[in-house]
Structures are given as C-alpha cells and as structure tokens.
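Colleague: what follows is a predicted structure for the sequence shown.
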Amino acid sequence: MKNRRRTVIGITLIVLIGLTSLGLAGALKEQQYIDLGKAEYQGANYDAAIYLFNKAVDLNPDNEYLYNDLGLCYVALGDMDLAIPEFSKAIELNSDCVEAYYNRGLAYFEQGKQNRTDPNDKAIAEFSKVIELDPNFSDAYYQRGLCYSGVGHAGIHHYHKLPGDNWSTDMEDRYEKALADFNKVLGLDPNYALAHAGLGNLYYKYYDSYEEMKKAIAEYNDSLESQELIVQKVGNKGLGGVYYSRGRAYTYMGEWDKAESDYLKAIELDPECGSAIGHLIHLYWDWKKCSELMVLSAATGRTAPSLARGICYAELEQYDKAISDLEAPTTYKGHGVLWGPRGKRCLAEIYRERGDEDNATAVLEEAINMSNTSIAKGRRTFTAYCERGLTYVELKEYDKAISDLLEVIEVKAASDREYGHSNYYLDAHIGLGKAYLGMGEKEKAREYFEKAIELLQRPGGPEPIKEEVEELLSNL
C-alpha cells in the first residue's frame, strides 16, 4: 500500500455504508468493527480503518458495503490498484450496488488523470451504470461530464487545434456529451455550484477567442456566487480550484491583473495548489514582476524553475545568481523549444553587460542550435522559427532574423494565438521591428512596431507588452 495521505479524490464520496442485520449471530460485533472503522476513516487513519473493516469482513464476507468501505480507504490512500478490486467485489455480491459503481468510476477517473492519454472510457461506463440504476444521481452526471471533458492529450483543449479549425468528430462528440451532463446536473439541482465550474472549464478548453472565453468567465462567476456550498462539498481546496480555473481563463484573455488576483486567492485557500503557484510564477515571469516571483517562491516553498529564476535574477541585476542558474546545463532540461533560447539570450545579455562578447556569442549559438533541433524534429516549428529569429536579432544577423520571423507571420493561422502565455505572431512583429531598427531602416521598424501595437489593441492584448512596444516606438 502507498503511504501517501491525502484528501479523498473528486467531489465528496458516497458516505460510508456498513449495513448489517442485527439478527445474525455476531452481528453486534460486526457492527462494532464497522463503527470503529468509520471513526478511523473520518479521522484519516486509513490503515486502522482497513484493519477494522477487514475484521468485519471476516465475520460477514457477504456484506458488499464492507468492500465498498475498504475501497474508499484505498482511494483515500491514493492506491487505485487496490481500491478497484474492492469495489468490484462489492459489485460481484450486489450487481445493483450504486455506491460501488460510483466509487469505482472515481477510482478509474483518478487513474485516467495519472495517465494523460486515457480517454476515461472505464470511468464513463461506471458513471453511466450509476445513472442507469439511479437517473437522478446528480453527482454521477457531474463526474461523467468531467470524464467526457477529459485531461491531457485525450481531453478537449484548444491547444490541440488551430484557431478557426473544426474539432474532430470524436472531440466534438465528447464536448456535446459533457455539456449535456453538466446541464443535466443543473436541471436536477440548480444549486449545484460545481456544475457551473465544470461548464467554465469545458468552455475554457473548447473555445479559443477572447469573446468566447467570456462564456467560461460567466460560468466561473456563477459558481463563485455559492462559495459556501462549494466549501461544504469539496472544502477550501475545491474552492481554490475554481479560483485557479478562472485565473487561468483570465491569463488566456490577457487580463493579467484579474488572473493574478485569482491565483493569489486560490493559493490562500489551498497553499499547496501547485497549478495556481506554477501559473502565477509564469505570469510574473512574463510580466517581469521578478520581485513578486521571488516572494511567491519563498512564501510557498515552491522553488521557481531555475530558468525563470535566472531570468528574474538578471532583471533584478543580481547577475552572479543569474549566471549560476543560466549556465547550469540542467536548467535547460525539457525547455528546448520554448524557454531554452530565451534563457540563453538573457545570459548573453549579461555577458555583454560585462564586456564578454565571446561568451555572449557562444551562448547565442547554443540558442540557435536549440531551435535548429526543434525545427529538425518538426516540433511546433513556428515557435522554433520565432525563437531562432529573435536570437539572430541578438547576433545582429538581421537577414536571417527577418527570414525566420517572416516564416512565423506567414503561418498566421498557427502562430496568431496564445500558446504557453505567448503569441508568436505578435512576437515576430516585435522582432522584425528590432531587426529593421538594427539595420538602420527606421521606417520599416516603425511599420512592424505599429502593427504590433494594433495587435495588442485587440481584446486580451497584455498591457505590459504594449507599454514595451510603445517605448520602442518612442525611441525611433
């Protein structure tokens, strides 16, 4: 058994049920074990609860609810491999045991979240069986809606397609089914606040425009009107999850002030909310709020990725610390296509500040090689071309920079979108302005900077980037 202790997954699980017949020999003793087991479970002493429920099983091995209780203990311990057979035993004894089907569905769903390519078919089948047995079971519709929405590569997410493109038939079907399930929940229980959050997450993943993202925000807002009900159902951790989700949508929309506020609220409610901490760290990085990033890292005990930390040290003019982070080979592990070249460009800037042009050139060549590798592998080539083009600007190889950055602009359908907090179509225009400025062609530089401002004036254009481009224009 895993030793990890944690809160039970999903929404509040079915209350432990240990029905027995007091008319049977030894039933009182069995009930005593059950009552003691429930008390240990409620106190999060899951190993003790397992021992007591097993003692009850020894007295009455045909009580399906005891196996359901055992399964819940293993779920609470995070061990789905042991939980699922217990629920299966309960179902074997009683093929209409709604609680066991529901809880086995939760366990399968948790396994699916751990394997991000799992389409959750097993979990969906379990929740569908629950609905067949009890058509008014709102929690089952909610959980099935989450399963249809999915996680990882098997789930719906706007990153998986280009803006304006149609979804695949399978993904469109999953969206419609998830939408129907969340709406069914609200039809059964209009006060089911988490169903609004479920709709918010579904809209966030399905839509890819600023205006459409407002539908997600509206659902999160509806959900947060019933905060007490959310806390009753899933505690502060669950409420923090709703704030995090709304913050993520605001980040996509470029409304960074609102995103920051929601991430901070999520962390206040759940100090271990890694998703909120991680997104806020990246937001501060993009925003160049380096002091805030360092304070957040210290306050949460969550070390900022050394690449982000190194760049922030540079912004804070703590160059020795920046070099320590940005020179370390481990800093770039897993960051080749996106952040690696940015870290190298930052390191080169420090070397140049110190008059070390040779080292500056060397690390910029390393950045070029990172992008070359990504292009050769065909990994989001518009991203790699943009990063390589921006690096060529720093190398003052302006013709090569312009060639790469024009490649990005030519694939507008792919590059003109938020991806990992960046819009590479916008970045390419800013880079082209810098390249032409470096060549002394101020009018061409002005043309691209003004186009960048035009792009930033669209809904969702981050204000800090707009201010940066306006400064470049004012210096022409």
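Modeller: The structure has been received and is ready for your questions.
Colleague: for Y33, give me its contacts.
Modeller: Going by C-beta atoms under 8 Å, 6 or more residues apart in numbering, Y33 touches 52-53, 55-56, 59. Where you see a C-beta, it was placed from the backbone N, CA and C, and this is true even at glycine.
Colleague: can you tell me which of those are in helices?
Modeller: 52-53, 55-56, 59 (DSSP state H).
Colleague: show me which of these is closest to R417.
Modeller: When these are ranked by distance to R417 (C-beta to C-beta), F53 comes first, at 51.6 Å.
Colleague: which ones are touching the closest one?
Modeller: 18, 33-34, 37, 66, 69-70, 73.
Colleague: 7 Å instead, please
Modeller: 37, 66, 69-70, 73 (C-beta atoms under 7 Å, 6 or more residues apart in numbering).
Colleague: dump those residues into JSON lines; add distance to S324 and neighbour count as well.
Modeller: Formatted as JSON lines, those follow (distance: C-beta to C-beta, whole Å; neighbours: other C-beta atoms under 10 Å):
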{"residue": "G37", "distance to S324": "53", "neighbour count": "27"}
{"residue": "L66", "distance to S324": "57", "neighbour count": "31"}
{"residue": "D69", "distance to S324": "53", "neighbour count": "28"}
{"residue": "L70", "distance to S324": "51", "neighbour count": "24"}
{"residue": "C73", "distance to S324": "46", "neighbour count": "28"}
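Colleague: dump those residues to CSV, plus secondary structure and distance to V408.
Modeller: Output for the contacts of F53, formatted as CSV (DSSP: H, G, I helix; E, B strand; the rest coil; distance: C-beta to C-beta, whole Å):
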residue, secondary structure, distance to V408
G37, helix, 61
L66, helix, 62
D69, helix, 57
L70, helix, 56
C73, helix, 54
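Colleague: quick one on the thing from earlier: what about the ones in helices among the contacts of Y33, which one has the most neighbours?
Modeller: Tallying neighbours with other C-beta atoms under 10 Å puts F53 at the head of these, with 30 neighbours.
Colleague: can I see the domain layout of the chain?
Modeller: Under automatic domain parsing, the residue ranges defining each domain of the chain are 1-136, 305-474.
Colleague: now the last one: mean pLDDT?
Modeller: For domain 305-474, mean pLDDT is 89.
Colleague: could you do stretch 244-257 as well?
Modeller: If you average the pLDDT values across stretch 244-257, you get 94.
Colleague: list the buried residues of that stretch.
Modeller: Using 16 or more other C-beta atoms under 10 Å as the test for burial, stretch 244-257 gives 244-256.
Colleague: in strands, which of those fall?
Modeller: Among these, DSSP state E puts none in strands.
Colleague: top helix in the protein by residue count?
Modeller: Longest helix of the chain, by residue count under DSSP H: helix 227-252.
Colleague: tell me what that one is packed against?
Modeller: Helix 227-252 sits against helix 193-206, helix 210-224, helix 256-269, helix 274-287, with contacts defined as 3 or more C-beta pairs under 7 Å, 6 or more residues apart in numbering; DSSP states H and E.
Colleague: just send those helices back as a markdown table, with distance to D165 too.
Modeller: Listed next are the helices and strands packed on helix 227-252 as a markdown table, based on distance: least, C-beta to C-beta, whole Å:
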| stretch | distance to D165 |
| --- | --- |
| helix 193-206 | 13 |
| helix 210-224 | 14 |
| helix 256-269 | 26 |
| helix 274-287 | 26 |
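Colleague: for those helices, which one ends up most surrounded?
Modeller: Comparing the helices and strands packed on helix 227-252 by mean neighbour count (mean count of other C-beta atoms under 10 Å), helix 193-206 comes out on top with a mean of 25.
Colleague: thinking again about what came up before, closest one of the buried residues of stretch 244-257 to I277?
Modeller: For the buried residues of stretch 244-257, the nearest to I277 is Y244 (9.4 Å; C-beta to C-beta).
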